[in-house]
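Colleague: Starting from these lines, generate the structure:
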Amino acid sequence: MNLRKAARVALPLYLGAIYATLGIMRRITETLRGAGLLRISVAVAFTLAAVGAGVLIGREPLNRSRRVLGAMAGCAAVYAAIIWPMESPEEKLHFIEYGLVALLADLAAPTHWGAKARFVRCALFVTAAGWGDELLQGLLPHRYYDLRDVAFNAVAGLLALSALALVRFVRTSVRPTPASSLPHPP
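Modeller: Predicted coordinates:
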């Protein structure tokens with residue numbers, strides 16, 4: 001199965017998992033908070049997300065250029081600047097949760113969409129998915145509808161899509177060394 005087909009399967013499954021667990025996530029976070037483990041759990045989640053992104057992006061040789069690595073470091077700095085000052089660990093998780101929705105939406109997008117159309121359509125999709133999340137929470141006992149969370153979800157998607165667009169742009173400006181100029185093996 002190619003990556004696009006896999007993303008088209010993974011995206012609805014992932015969103016379904018997000019929506020299906022809305023009723024129990026509050027209990028999980030409160031249990032972690034009560035045990036003094038919520039902040040460390042969020043830190044571990046961000047570390048795993050960063051390592052996973054680095055491994056996926058770094059698998060391709062063109063992505064190991066100084067420019068691409070610099071772009072990735074810049075994106076990490078922007079994420080840190082936004083997330084670090086946030087008080088609520090739960091709010092920080094929106095950036096992983098809906099960042100992944102954005103990346104899956106981008107991977108699942110049709111190949112004939114141009115870069116701008118892909119960005120805009122995926123951003124609208126993530127915003128709608130995040131808004132749906134909040135609408136469902138408004139229907140659940142012990143959960144509530146919060147427009148700030150809708151905004152967090154949308155910003156999370158926009159950040160992920162922007163980081164991906166930047167890495168793609170920088171990557172296209174990196175010229176691979178022609179095979180003829182590479183040293184020949186002995």
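Colleague: and stretch 40-56, which residues are buried?
Modeller: 41, 42, 45, 46, 49, 53 (16 or more other C-beta atoms under 10 Å). Glycine gets a C-beta too; all of them are placed from N, C-alpha and C.
Colleague: In helices, which of these appear?
Modeller: Among those, DSSP state H puts 41, 42, 45, 46, 49, 53 in helices.
Colleague: from what I can see the second one touches residue 92, true?
Modeller: Right, residue 42. Yes: with contact defined as C-beta atoms under 8 Å, residue 42 reaches residue 92; the gap is 5.5 Å.
Colleague: For residue 4, list the residues it contacts.
Modeller: The neighbours of residue 4, taking C-beta atoms under 8 Å, 6 or more residues apart in numbering as the test, are 107, 108, 111.
Colleague: what helix or strand is the closest residue to residue 45 other than its chain neighbours on?
Modeller: What sits nearest to residue 45 in space, not counting adjacent residues and going by C-beta to C-beta, 6 or more residues apart in numbering, is residue 96, at 5.8 Å. Under the criterion of DSSP states H and E, residue 96 resides in helix 89-108.
Colleague: Show me what that helix is packed against.
Modeller: When contacts are defined as 3 or more C-beta pairs under 8 Å, 6 or more residues apart in numbering; DSSP states H and E, helix 89-108 packs onto helix 3-20, helix 22-34, helix 38-58, helix 66-83, helix 115-139, helix 147-173.
Colleague: Buried residues of it, list them for me.
Modeller: Quick answer for helix 89-108 (16+ other C-beta under 10 Å): 89-90, 92-108.
Colleague: same thing with stretch 56-73?
Modeller: So for stretch 56-73, counting by 16+ other C-beta under 10 Å, buried means 57, 63, 65, 68, 69, 71, 72.
Colleague: Thanks a lot, catch you later.
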